[in-house]
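Participant: Next comes the sequence, and after it the predicted model I'd like to discuss.
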Amino acid sequence: MLDYKKLSPTVLFIFGGSGDLNYRKLNPALYNLFLDNAMPDHFSIVGIGRSEFSDADYKKKLKEGIDQFSRIKDSNGAWKEFSKHLSYLKMDATNPEEYKRLSKIAKEKEDEAGDHPNVIFYMAVAPQLVPAIVKNIATMKECQERKYTRIVVEKPFGHDLKSAKDMNQMLLEHFEEEQVYRIDHYLGKETVQNILALRFANALFEPLWNRHYIDHVQITASETVGVEGRGGYYETSGALRDMIQNHILQLVCMIAMEPPVSFNANEIRNKKVDVLNAIRRIAKDQVQEYAARGQYGSGWMQGEKVPGYREEKGTDPKSATETFAAVKFYIDNWRWEGVPFYVRTGKRLHEKSTELTIQFKPAPDFAFPKEATETWRPNRLSVGISPEMDICLSFQAKRPGQAMVLNPVNMIFNYEDTYKGEEPEAYETLLYDVMDGDPTLFMRADQVEAAWEVVMPILEVWGKRKPLNFPNYSPDSWGPEDAEALIARDGHNWISQPTKQKEK
Ligand SMILES: NC(=O)C1=CN([C@@H]2O[C@H](COP(=O)(O)OP(=O)(O)OC[C@H]3O[C@@H](n4cnc5c(N)ncnc54)[C@H](OP(=O)(O)O)[C@@H]3O)[C@@H](O)[C@H]2O)C=CC1
Ligand SMILES: O=C1O[C@H](COP(=O)(O)O)[C@@H](O)[C@H](O)[C@H]1O
């Protein structure tokens, strides 16, 4: 059982209650919180959508989602208890008239929940609907009078810097920044939060955590899946917007930020914004050198024939959308000057793995005979974010025997062995934090905008210069040649799980 404190009564409205995100992630997360005794004593969850559902049918549908996607399956009839708190409201969220009804329901639910319940509106809908919903919610009397109202906004948070600014302005016209929770689900992952503990709860790493000892940093977020029926969304996005602008830049912040003076939400977010502001803006004529893009063609994925991106449902047969992106970033501050951060992400790659690696500078050779050091020299710290959840320190050791022969070995901390698989899913952590009113793991307006500023030059150049060589990588590969060239030019290569295994 995880150690949660008791929360205040809560009424949660999920716009998009009939959608995929609620089915696969939100409802299972809330259910798991319930099983872990972390939900408030009094709570109501109202799913909203245009589809027709009776409450009973809605619960039946969500139960199927639990059976498929929940971390913990139904135990001792807990679903029956949990589902007493669920209901469904059919409404067109773009129609202002409907909000009178919503307001009435909100009032009833609040009265049922008791004194000062938190009232949370979760936007699990397409981003174009968010402004209309937020404006309408803001007209509801309950929201105007109460400081306990919170708005949760899903990604994508804007399409570019301008639209993100517009979205922030719109939200902040109606609500205070403290009431807005912008989700980046990577920040809810245990392994991501643990980067702060690794760096700042141990004195061991800090003296080495800088340009004097670190050669470079790598982040890989590779996926084996294609766009999985999300072609319509993905055509407006691409790998840079979908993964690098948000999740991967947040990982860069976690690795690169200065020690916070406290774990206050704004202090941590300030330190992260400092990193984003210090990332060197890539000049437009250098984009070719600093960034590589790719798109998967058709081919074979672990023995199965798979379509190319341009043949996926909802995509353009001549699409220029990248399904792979790699970028080299520099952070121009005292700690990181001259240390490249290589990041890459893509779909239909050889392996599902999100991992980051701190590659330390090599030790001088002179202490050992030449033949002893001719093996691969790891000298690195890797953090497995998912699905491998581990921290691995790879270093040289002496192979037993008469001769001084060195070989690489690993020291591994593995979550499964240590915590026996108890870790909450990212959405459990994030939903709990929204109910608790803790914004630490959420994106502040300026964070989102600073991250857009970092990627804008690449987006602008890629938007103008259409790639002539797409599709340019096969399924089950590690992406396009250009990505290999990007890192090889600096004398390095990408570190991936298979490379690690070979090196063992
Ligand atoms: N699915 C996922 O894994 C992830 C999704 N997201 C984000 O979450 C959001 C939702 O995604 P997802 O659940 O996949 O999308 P879906 O298309 O599955 O769901 C959209 C939801 O919006 C509702 N909706 C649409 N128009 C209206 C309207 N006018 N009034 C009321 N409800 C409406 C739909 O209801 P109905 O069909 O009943 O009309 C449905 O419940 C998106 O922003 C997406 O980018 C983010 C990360 C992961
Ligand atoms: O936000 C997104 O993330 C997923 C990958 O998340 P992970 O937790 O499985 O690493 C990605 O598939 C999706 O395209 C993107 O929108």
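Facilitator: Arrived safely, thanks for sending. Ligands and ions are numbered 1, 2, ... in the order given.

Participant: quick one: low-confidence parts of the chain?
Facilitator: 1-2, 74, 144, 373-376, 497-504 (pLDDT under 70).

Participant: Near ligand 1, which residues of it are found?
Facilitator: Within the chain, the positions adjacent to ligand 1 are 15-21, 24-25, 48-51, 92-94, 124-127, 129, 154-156 by CB under 6 Å from any ligand atom. Glycine gets a C-beta too; all of them are placed from N, C-alpha and C.

Participant: Which of the residues in stretch 149-163 are classified as buried?
Facilitator: 149-161 (16 or more other CB atoms under 10 Å).

Participant: Which members of the residues of the chain next to ligand 1 additionally contact ligand 2?
Facilitator: Lys155.

Participant: The stretch 301-450 of the chain against ligand 2: which residues are in contact?
Facilitator: Checking the stretch 301-450 of the chain against ligand 2 by CB under 6 Å from any ligand atom, the hits are 354, 386.

Participant: still on that earlier bit, in a markdown table, list the buried residues of stretch 149-163 along with secondary structure.
Facilitator: Formatted as a markdown table, the buried residues of stretch 149-163 follow (DSSP: H, G, I helix; E, B strand; the rest coil):
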| residue | secondary structure |
| --- | --- |
| Thr149 | strand |
| Arg150 | strand |
| Ile151 | strand |
| Val152 | strand |
| Val153 | strand |
| Glu154 | coil |
| Lys155 | coil |
| Pro156 | coil |
| Phe157 | coil |
| Gly158 | coil |
| His159 | coil |
| Asp160 | coil |
| Leu161 | helix |
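
Participant: Would you mind listing the two of those that lie farthest apart?
Facilitator: Using CB to CB, these span at most 28.7 Å, a distance reached by Thr149 and Asp160.

Participant: how about the residue of the stretch 401-504 of the chain at minimum distance from ligand 1, what does it touch?
Facilitator: Taking CB to the nearest ligand atom as the measure, the stretch 401-504 of the chain has Tyr427 as its residue closest to ligand 1, at 9.3 Å. By CB atoms under 8 Å, 6 or more residues apart in numbering, the contact list for Tyr427 reads 25-26, 28-29, 185, 188.

Participant: try 10 Å
Facilitator: Taking CB atoms under 10 Å, 6 or more residues apart in numbering as the criterion, Tyr427 is in contact with 21, 24-30, 32-33, 183, 185, 188.

Participant: Weed out the non-buried ones from those residues.
Facilitator: Of the contacts of Tyr427, these count as buried by 16+ other CB under 10 Å: 21, 25-30, 32-33, 183, 185, 188.

Participant: ok, those residues vs ligand 1, which is closest?
Facilitator: Nearest member of those to ligand 1, counting by CB to the nearest ligand atom, is Leu21, at 3.4 Å.

Participant: Output the contacts of Tyr427 as TSV; include the columns secondary structure.
Facilitator: Converted to TSV, those look like this (three-state DSSP):
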residue	secondary structure
Leu21	helix
Arg24	helix
Lys25	helix
Leu26	helix
Asn27	helix
Pro28	helix
Ala29	helix
Leu30	helix
Asn32	helix
Leu33	helix
Ile183	coil
His185	helix
Gly188	helix
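
Participant: ok, so of the residues you listed, who is nearest ligand 2?
Facilitator: His185 (6.2 Å).

Participant: Tell me where the stretch 201-350 of the chain has helices.
Facilitator: Using DSSP state H, counting those that start in this stretch, the helices of the stretch 201-350 of the chain run over 231-235, 239, 249-256, 265-278, 287-290.

Participant: Among these, show me which one is buried the most.
Facilitator: Across those, averaging neighbours per residue (mean count of other CB atoms under 10 Å) puts helix 239 on top, at a mean of 26.

Participant: care to break the chain down by domain?
Facilitator: 10-154, 190-423+443-489 (the TED database).

Participant: closest to His174 out of the ones you listed?
Facilitator: Comparing these by CB to CB, domain 10-154 comes nearest, at 3.7 Å.

Participant: now the closest one, how far from the centre of its chain.
Facilitator: Distance of domain 10-154 from its chain centroid, counting by CA atoms, centre = their mean, to the nearest Å, is 22 Å.

Participant: before we move on, what about stretch 296-314?
Facilitator: Taking CA atoms, centre = their mean, one finds the center of stretch 296-314 at 25 Å from the center of the full chain.

Participant: Repeat that for stretch 446-466.
Facilitator: That offset, for stretch 446-466, works out to 18 Å (CA atoms, centre = their mean).

Participant: So Arg38 sits against Asp433, correct?
Facilitator: Slight slip there: residue 38 is Ala, not Arg. No: using CB atoms under 10 Å, Ala38 makes no contact with Asp433, being 11.0 Å away.

Participant: intersection of neighbour lists for those two?
Facilitator: With CB under 10 Å, 6+ apart, Ala38 and Asp433 have no common neighbours.

Participant: Of all residues in the chain, which one is closest to ligand 1?
Facilitator: For the chain, CB to the nearest ligand atom, closest residue to ligand 1: Gly19, 2.3 Å.

Participant: so that residue touches Ala124, yeah?
Facilitator: Yes: Gly19 lies in contact with Ala124 (CB under 10 Å); the separation is 5.7 Å.

Participant: More neighbours: the two, which one.
Facilitator: The residue with more neighbours, out of Gly19 and Ala124, is Ala124; 23 against 18, by other CB atoms under 10 Å.

Participant: Contact partners for the more buried one?
Facilitator: 14-23, 25-26, 47-49, 152-154, 183.

Participant: Check Gly47 too.
Facilitator: Contacts of Gly47 by CB under 10 Å, 6+ apart are 12-19, 22-23, 26-27, 53, 55, 58-59, 61-62, 86-90, 122, 124.

Participant: related to what we said a few turns ago, look at Ala38 and Asp433 and report which has more neighbours.
Facilitator: Between Ala38 and Asp433, Ala38 has the larger neighbour count (other CB under 10 Å), namely 22 against 18.

Participant: Secondary structure class of the more buried one, three-state.
Facilitator: Per three-state DSSP, Ala38 ends up coil.

Participant: Please name the residues that touch it.
Facilitator: 1-7, 30, 32, 424, 428, 431-432, 435-436.

Participant: repeat for Asp490
Facilitator: 215-216, 328, 340, 342.

Participant: If you rank those by neighbours, which is first?
Facilitator: Taking other CB under 10 Å as the neighbour criterion, Tyr342 ranks highest of those with 23 neighbours.

Participant: That residue is in contact with His216, isn't it?
Facilitator: Yes: assessed by CB under 10 Å, Tyr342 is found in contact with His216 at 6.4 Å.

Participant: hey, what's in contact with both of the two?
Facilitator: 328, 357, 359, 487, 490, 492.

Participant: In helices, which of the residues you listed appear?
Facilitator: Within these, residues falling in helices by DSSP state H are Ile487.

Participant: tell me the contacts of His350?
Facilitator: Contacts of His350 by CB under 10 Å, 6+ apart are 222, 224, 301-302, 474-479, 496-498.

Participant: if you look at those residues, which of them are in strands?
Facilitator: 222, 301 (DSSP state E).

Participant: Top of the contacts of His350 by number of neighbours, please.
Facilitator: Neighbour counts for the contacts of His350 peak at Gly479, which has 29 neighbours (criterion: other CB under 10 Å).

Participant: Run a quick neighbour tally on Tyr4.
Facilitator: There are 15 residues near Tyr4, going by other CB under 10 Å.

Participant: Please look at it and Leu35 and confirm they touch.
Facilitator: No: contact criterion CB under 10 Å: Tyr4 and Leu35 do not qualify, at 11.3 Å.
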